[in-house]
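Engineer: no sequence for this one, just the structure:
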Ligand SMILES: NC(=O)C1=CN([C@@H]2O[C@H](COP(=O)(O)OP(=O)(O)OC[C@H]3O[C@@H](n4cnc5c(N)ncnc54)[C@H](OP(=O)(O)O)[C@@H]3O)[C@@H](O)[C@H]2O)C=CC1
Ligand SMILES: O=C(O)C1=N[C@H](C(=O)O)C[C@H](O)C1
């Protein structure tokens, strides 16, 4: 661990998990950060305030993340969140907590892969030009949730772009003979979740119109792919009070 005067003091929640382990390594290797707390299931959160963490990074579970956030915001600690499960209701709740703590920032990013952020931006841009669009997300089989946070966020962006362009429902005469055969319906966009050994995190957005298709695909082949985005979030969150959703505005 480094200990420089200017270092950002970082605590990691979910530190023994797949992402948490990678984040601990990345923070430890970053010259401008100090890894001051590594906490996982069963550890007491107060240890992070004793360690004077300025920023928490949370990669835990959808069940755990809200309690962690509540605690951190109350303590005046900013948080970079990768954990999934953020509904509009949850985001409103976080905004409410932050309203009482004006200097504190929370970044909730469905995907920290820079390529994945671009994939979502490209999909939102393409959405107005095509009659049909479906999302196929593919992940490792130990993932706890489906559909993925990334696919849900992409579906919201696409639905918003289609609505702004005045597009109606997509053409689809299919009667679903077996429940789930057509995937989940998220804001009118079908999302198909694949889970298979060997995969890490992958997503295709398939657009179609008469006589043509466009496929936008992103692959995270290793969890190191998320680290530049996580470190960027840690560096910027202290200057961004309030709630930020998605890494996009941190990349400008
Ligand atoms: N935004 C992004 O770019 C990415 C987001 N993710 C998301 O991040 C989350 C974590 O993924 P992943 O690392 O693969 O999952 P893991 O299951 O490998 O890691 C989660 C860790 O959090 C621990 N944990 C559970 N509850 C608490 C708690 N209350 N306090 C502290 N730690 C706790 C778990 O312990 P135990 O196992 O004992 O329960 C586990 O060690 C998921 O929601 C995933 O979708 C993943 C990759 C990228
Ligand atoms: O659980 C994962 O692995 C991932 N979760 C996030 C999601 O649900 O979108 C981000 C990435 O896809 C990896």
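Structural biologist: Thanks, I have it. Remember, predicted model here, so these are calculated numbers, not experimental data. Numbers count the residues shown, from 1 in each chain. Ligands and ions are numbered 1, 2, ... in the order given.

Engineer: list the buried residues in stretch 220-239.
Structural biologist: Neighbour counts using 16 or more other CB atoms under 10 Å place 220, 223, 225-227, 229-237 of stretch 220-239 among the buried residues. Where C-beta positions appear, they are placed from N, C-alpha and C, glycine not excepted.

Engineer: quick one: terminal-to-terminal distance for that stretch?
Structural biologist: With CA to CA, to the nearest Å as the measure, stretch 220-239 spans 28 Å from end to end.

Engineer: I'd like the next helix or strand past the helix or strand residue 68 falls within.
Structural biologist: Using DSSP states H and E, residue 68 falls within helix 65-75. Using DSSP H and E, the helix or strand that follows helix 65-75 towards the C-terminus is strand 78-81.

Engineer: so what strands line up beside that following strand?
Structural biologist: Partners of strand 78-81 in the sheet, by DSSP bridges, are strand 55-58 (parallel), strand 105-108 (parallel).

Engineer: please state the offset of that strand from the chain centre?
Structural biologist: Relative to its chain's centre, strand 78-81 lies at 11 Å (CA atoms, centre = their mean, to the nearest Å).

Engineer: what packs against the strand or helix carrying residue 121?
Structural biologist: Secondary structure assignment for residue 121, by DSSP H and E: helix 114-126. For helix 114-126, the packing partners by 3 or more CB pairs under 8 Å, 6 or more residues apart in numbering; DSSP states H and E come out as helix 149-164, strand 201-209, strand 212-220, helix 227-237.

Engineer: contacts for stretch 48-64, please.
Structural biologist: The contact list for stretch 48-64 (CB atoms under 8 Å, 6 or more residues apart in numbering) reads 8-14, 17, 19-20, 23, 27, 36-37, 39, 41, 65, 68-69, 72, 75, 77-85, 144-145, 230, 233-234, 237-238.

Engineer: now the buried members of the residues you listed.
Structural biologist: 8-14, 17, 19-20, 23, 27, 36-37, 39, 65, 68-69, 72, 77-85, 230, 233-234, 237.

Engineer: for stretch 84-97, which positions count as buried?
Structural biologist: 84, 85, 86, 94, 97.

Engineer: still on that earlier bit, what about ligand 1: which of the contacts of stretch 48-64 touch it?
Structural biologist: Taking CB under 6 Å from any ligand atom as the test, ligand 1 is in contact with 13, 14, 17, 19, 20, 39, 41, 68, 82, 83, 84 out of the contacts of stretch 48-64.

Engineer: span of stretch 107-121 from start to end?
Structural biologist: So stretch 107-121: terminal residues 18 Å apart, CA to CA.
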